[in-house]
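**Student:** quick one: sequence plus predicted model below, questions after.
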Amino acid sequence: MDAQAQAKPTSRAATWRLLALLMAMTAIGPATLNILVPALPGLITRLATDTGTVQLTLSLYLLSLATAQLLLGPLSDRFGRRPVVLAGLALTALASLAACAAGSIGALIATRIAQAAGASTGIVIGRAIIRDLYERDRAAAMIGLVTTAMVIAPMISPLIGGLLDMAFGWEAIFLFVACASGAVLLWALPALPETRPTGVAHGAGRLWQEWRALLRTRIFYGYVLAGGLGSAPYFTFLGGGPHVVVTQMGRSSAEYGMWFALSSFGYMCGNFTASRLSQRLGVDAMIFLGIGFELLGASLTAILVASVAVPGPVIIFVPQLVISYGNGLLLPNAIAGAVSVRPQAAGSASGMAGFTQMAIGAAATQVVSMLLAGADSAMPMAWMLVALVLAAGMAFWLLARR
């Protein structure tokens with residue numbers, strides 16, 4: 001029996017234990033991104049800096065989280081999933097401890113970059129581990145469950161960060177992250193199996209051949225762009241929603257936060273549906289279904305913004321619920337499709353898919369902010385939502401159809 005067969009869970013209970021570990025690994029990245037947000041205003045005074053510089057603790061964290069995936073995926077193909085995950089968790093814990101002692105904003109930014117590089121291992125390698133163990137459609141169902149952690153973690157981490165900052169100061173936030181990542185590391189040491197496929201060469205030359213083959217495959221680009229462009233409406237709303245609700249509609253930030261929970265709920269429902277239907281309908285059908293829901297929500301946004309005389313948050317948040325549901329259907333299936341094009345290079349494929357998703361998302365956030373500057377309605381954001389969903393559909397239809 002080879003190592004891959006030995007690593008595969010042999011019972012339902014073992015499967016759920018492994019999924020729980022992968023969810024914890026995946027949650028570290030987004031939770032660590034958002035947990036610092038409530039403490040940012042206090043950091044300006046405590047570290048004698050300005051708002052723009054403090055903002056780098058978020059933007060550079062996100063950039064590091066994205067770019068590290070391009071490196072960590074191939075490393076896991078070369079050296080194995082387990083050692084790279086363990087090293088990443090250890091790096092997150094050590095960088096968090098170093099952040100506690102940071103005496104300047106420059107030192108804090110540097111530790112945040114290292115923290116993000118370690119935290120990204122759970123995201124990129126967790127997907128590769130699932131593809132190592134399960135065939136494509138089953139992997140999509142599993143990824144749908146694991147990515148739920150990427151929704152729940154950003155929802156609760158700001159609350160934890162705010163409470164810690166209020167009670168003990170911002171240093172306690174990083175101490176908490178160090179303990180959390182250390183606990184997941186101790187959990188992974190006995191529980192995380194090595195799942196990298198055996199029976200194939202893993203030398204640098206072989207990996208370079210896999211990379212070139214992957215980058216020459218049209219279908220791979222179709223899945224990657226479907227995932228990246230299909231996720232971009234969420235980032236568009238993330239960048240434009242506060243401006244529309246708070247600035248244009250004159251509502252409070254607290255009200256915006258309450259409405260925003262709708263989109264998270266929609267994404268979780270989409271993930272749950274994907275976990276149930278992906279094996280039955282197949283990856284490609286689920287991607288088209290997700291795009292259909294997203295197009296329905298984006299079109300509804302444009303119709304409501306154009307037709308409602310006295311706009312309120314409901315005209316953008318209810319359609320966003322539909323968009324998020326579609327994204328929950330689409331994304332795990334697009335990822336499963338991307339990492340299944342060449343299973344021997346699942347780590348590399350997962351890294352490229354994750355990087356592309358975050359890069360397109362970051363660009364969408366910036367573009368929608370520019371489009372809404374000076375606008376008196378949410379129409380620029382609405383049309384951008386429609387355009388992104390259409391682009392996702394076209395990319396998948398032209399590149400990934402069989």
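**Tutor:** Everything's here; your move.
**Student:** mind listing what's buried along stretch 175-190?
**Tutor:** By 16 or more other C-beta atoms under 10 Å, the buried positions in stretch 175-190 come out as Leu175, Phe176, Val177, Ala178, Ala180, Ser181, Gly182, Val184, Leu185, Trp187, Ala188. The way it works is simple: take the backbone N, C-alpha and C, and place the C-beta from them, glycine included.
**Student:** so which of those belong to strands?
**Tutor:** Using DSSP state E to define strands, no part of the buried residues of stretch 175-190 is located there.
**Student:** could I get these as CSV with distance to Glu194?
**Tutor:** Below are the buried residues of stretch 175-190 laid out as CSV (distance: C-beta to C-beta, whole Å):
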residue, distance to Glu194
Leu175, 31
Phe176, 30
Val177, 26
Ala178, 26
Ala180, 24
Ser181, 21
Gly182, 21
Val184, 17
Leu185, 16
Trp187, 16
Ala188, 12
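**Student:** among the residues you listed, name the ones in helices.
**Tutor:** Secondary structure defined by DSSP state H assigns Leu175, Phe176, Val177, Ala178, Ala180, Ser181, Gly182, Val184, Leu185, Trp187, Ala188 of the buried residues of stretch 175-190 to helices.
**Student:** per-residue pLDDT of the first one, please?
**Tutor:** We note a pLDDT of 96 for Leu175 in this prediction.
**Student:** contact partners for it?
**Tutor:** Ser96, Leu97, Cys100 (C-beta atoms under 8 Å, 6 or more residues apart in numbering).
**Student:** which parts of this structure belong to which domain?
**Tutor:** 3-199, 209-399 (automatic domain parsing).
**Student:** where does pLDDT dip in the stretch 151-300 of the chain?
**Tutor:** Where the stretch 151-300 of the chain drops to pLDDT under 70, the residues are 199-207, 210, 253-254.
**Student:** run the last query once more with 80
**Tutor:** 151-152, 154-155, 158, 197-215, 238-239, 242, 246, 252-258, 260-264 (pLDDT under 80).
**Student:** in it, which spans are helices?
**Tutor:** 171-191, 204-215, 218-242, 253-281, 283-307 (DSSP state H, counting those that start in this stretch).
**Student:** of all residues in this structure, which one is nearest the centre?
**Tutor:** Met150 (6.0 Å; C-alpha atoms, centre = their mean).
**Student:** check what pLDDT that one gets.
**Tutor:** Reported pLDDT for Met150: 72.
**Student:** for burial, what's the neighbour tally of the nearest residue to it once chain neighbours are set aside?
**Tutor:** Leaving aside its chain neighbours, Met150 sits nearest to Pro30 (5.1 Å; criterion: C-beta to C-beta, 6 or more residues apart in numbering). By the other C-beta atoms under 10 Å criterion, the neighbourhood of Pro30 contains 22 residues.
**Student:** which strands or helices does the host helix or strand of Pro30 pack on?
**Tutor:** With secondary structure defined by DSSP states H and E, Pro30 is part of helix 12-34. On a contact count with 3 or more C-beta pairs under 8 Å, 6 or more residues apart in numbering; DSSP states H and E, helix 12-34 meets helix 51-79, helix 81-100, helix 105-133, helix 136-146, helix 149-168, helix 171-191.
**Student:** next, the angle helix 105-133 makes with the second one.
**Tutor:** Read it as helix 81-100. Between the axes of helix 81-100 and helix 105-133, defined by axes from the mean of the first three to the mean of the last three C-alpha atoms, to 10 degrees, the angle is 160 degrees.
**Student:** for helix 81-100, list every residue counted as buried.
**Tutor:** 81-82, 84-89, 91-100.
**Student:** which helices and strands does it pack with?
**Tutor:** Packed against helix 81-100 by the contact rule (3+ C-beta pairs under 8 Å, 6+ apart) you find helix 12-34, helix 51-79, helix 105-133, helix 171-191.
**Student:** may I see the buried residues of the first one?
**Tutor:** The neighbour-count criterion (16+ other C-beta under 10 Å) identifies 18-19, 21-34 as the buried residues of helix 12-34.
**Student:** state the pair within these that is farthest apart.
**Tutor:** Across those, the longest distance by C-beta to C-beta is 25.7 Å; it joins Leu18 and Asn34.
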